[in-house]
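Visitor: Give me a model of this one.
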Amino acid sequence: MQRSTHVVIWDQLGEAPTVDGTTVYWNEFFLPTRSASKISLPQYVEDNSEDLKQRFLAFVREIGESQIAGKSTIEHLRTLPEFSYWWMTLFACKRWSTTSNIIEAVRLLALEDILHETKPTKVSVATDHRAIRSVIRNWCMQSKIEFESLIVSNSESSPNFQLSRLTPRPVAAVLVLMREILRRINIPKNMMRHDNLTDVVLIDYLTRFDVDSALHGKFDSGFWSDLVNTLDNAGQKTLFFHQFVANSITPNRKATGRILEGLNSKSKTQRHFLLDARLSIGAVLKTLFMYFRLVRTRFRIRKIKHSFFPTGSQLNLWKLFKREWLDSLSGSTAILHSLAISELDATIVKIPSCRTVLYLMENQPWEMAFIQLWKQRRSEPLVGVPHSSIRYWDLRYFTDSDSYHFDLASHPPSPDTVAINGPAALRSLQVEGIPATQMTEVEALSYLYLDEVQ
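Guide: Modelled structure (predicted):
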């Protein structure tokens, strides 16, 4: 890459103005990736994907291991014995989405590499993303490079956007808790009998099933496919827990009553319940207690913002992740996650003894809570079942390989076995350092319907 005295970072629609230097296009793909005057940043990321992916995964691990007052972040967020809330924070969950800012972080790491190669004396930025602009400005100050912010339309200044920022996080948390309580009033409790023997427990989402069949007592699941009939025909007693998903058929939890009643009306081997049903007073109180512990911890570890520098980088990425970090520890996300912990803990102790538990594995925050609570309370094996292909940039499924070389407290919560649905997914997870003994290859249940396609 040629040296350039002036680099323009263009995060706008259309062609950038012609400059005597290099233009880095933030969002546009084109080949070749680089030339004397143009560089496609997304294509550059893909060309250097393995290195950038590993650097970001290492960055997440390092934040969890950051020492504050003699304890790691993971330890500070240990809100229950053998349970760390760290794994439920939005940052640690690594959601690859337009709101997580992970895409922006990876591109900034790539941009820093480009700037190191071009060695500019001036950097101009055209973006309406305030956090990106701030990170690049701070990097230029650290590197003693002239910085210029080009005038662009500011889409982030809409009234609704500003209003959401002005709402105090504890106020938003209380309002969300009240909303959840109201949503679950008059919802029947899960009536499980402890003396009922159960062979297998399956946990999924209340979607992707045939509604008409369910109303007549048959569970045709798009997630579990033939597994349901196989267990039924073998006389296996199966307990299903379904996460509520709002849709046109079940717009609220109350609307699930007819479906669950239909599913439980005929089968002698299956029982179906909502995983997140009616709230008890005890669960609400426990939720509030958990939430206030998180708020207190947020202030105790507020110096964590000084740790958001990836190793070997001068990029301070705190501005990118500040909002979701604070929301995870004191906002609406904190109260929802506290509620999930309380509900899961109450449900786990009521589940009858079983041989094994299978759950749809997406590495969502509730799963991080479920795994930790289950291993704390129970001894039956957990099997995580990814129900679709594992995409390369879906970082929820990947962990820095060094995590498995540190002490046990640094290990992410994981099931006893991961049921991998293909050799490609198996290879990709093995490359990340996940122990082979933890994985087993199985058929992709979600795609068995393709056998019928002629």
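
Visitor: chain center to the helix or strand where Thr287 lies, what's the gap?
Guide: Using DSSP states H and E, Thr287 sits within helix 281-300. Centroid separation for helix 281-300 versus its chain: 21 Å, with CA atoms, centre = their mean, to the nearest Å.

Visitor: Over to stretch 266-285?
Guide: The answer for stretch 266-285 is 24 Å, by CA atoms, centre = their mean.

Visitor: Also stretch 264-271?
Guide: For stretch 264-271, the distance to the chain centre is 34 Å (CA atoms, centre = their mean).

Visitor: Which positions within that stretch qualify as buried?
Guide: By neighbour count on 16 or more other CB atoms under 10 Å, the buried set for stretch 264-271 is Ser267, Thr269, Gln270, Arg271. To be clear about C-beta, it is placed using only N, CA and C from the backbone, and glycine gets the same treatment.

Visitor: Adding pLDDT, distance to Phe308 and secondary structure, write these out as a markdown table.
Guide: As requested, these are exported to a markdown table (pLDDT from 0 to 100; distance: CB to CB, whole Å; DSSP: H, G, I helix; E, B strand; the rest coil):
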| residue | pLDDT | distance to Phe308 | secondary structure |
| --- | --- | --- | --- |
| Ser267 | 90 | 51 | coil |
| Thr269 | 93 | 51 | coil |
| Gln270 | 94 | 48 | strand |
| Arg271 | 94 | 47 | strand |
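
Visitor: quick check, nearest of those to Lys254?
Guide: Arg271 (19.7 Å; CB to CB).

Visitor: Give the bridge partners for the closest residue to that closest one other than its chain neighbours, please.
Guide: Of all residues not flanking Arg271 in the chain, Leu239 sits nearest, at 5.3 Å (CB to CB, 6 or more residues apart in numbering). Leu239 forms beta bridges with Val201, Arg271, as assigned by DSSP bridges.

Visitor: How about the secondary structure of the residue nearest to Met290 when sequence neighbours are not counted?
Guide: Distances taken as CB to CB, 6+ apart put Ser338 closest to Met290, at 3.9 Å, once the chain neighbours are dropped. Judged by DSSP: H, G, I helix; E, B strand; the rest coil, the three-state class of Ser338 is helix.

Visitor: List the contacts of Ser338.
Guide: Lys286, Thr287, Leu288, Met290, Tyr291, Leu294 (CB atoms under 8 Å, 6 or more residues apart in numbering).

Visitor: what's the spacing between the nearest residue to Arg208 once chain neighbours are set aside and Asp210?
Guide: Counting by CB to CB, 6+ apart, Arg208 lies nearest to Gly222, which is 3.4 Å off, once chain neighbours are set aside. As judged by CB to CB, to the nearest Å, Gly222 and Asp210 stand 9 Å apart.

Visitor: which of the two has more neighbours?
Guide: Between Gly222 and Asp210, counting by other CB atoms under 10 Å, Gly222 is the more crowded of the two (16 against 13).

Visitor: any idea how far Ser213 is from the more buried one?
Guide: Gly222 is 12 Å from Ser213, where distance means CB to CB.

Visitor: do Ile371 as well
Guide: For Ile371, the distance to Ser213 - CB to CB - is 31 Å.

Visitor: The two: which is more packed in?
Guide: Ile371 (23 against 14).

Visitor: Give me the phi and psi angles of that one.
Guide: Per-residue torsions, Ile371: phi -60, psi -50 (degrees, to the nearest 10).

Visitor: what about the residue nearest to it when sequence neighbours are not counted, how many neighbours?
Guide: Nearest residue to Ile371, sequence neighbours excluded (CB to CB, 6+ apart): Pro413, at 3.9 Å. By other CB under 10 Å, 19 other residues sit near Pro413.

Visitor: got it, and Phe299?
Guide: Each residue near Phe299 was counted by other CB under 10 Å, and the total is 9.

Visitor: Thanks again, I'm all set now.
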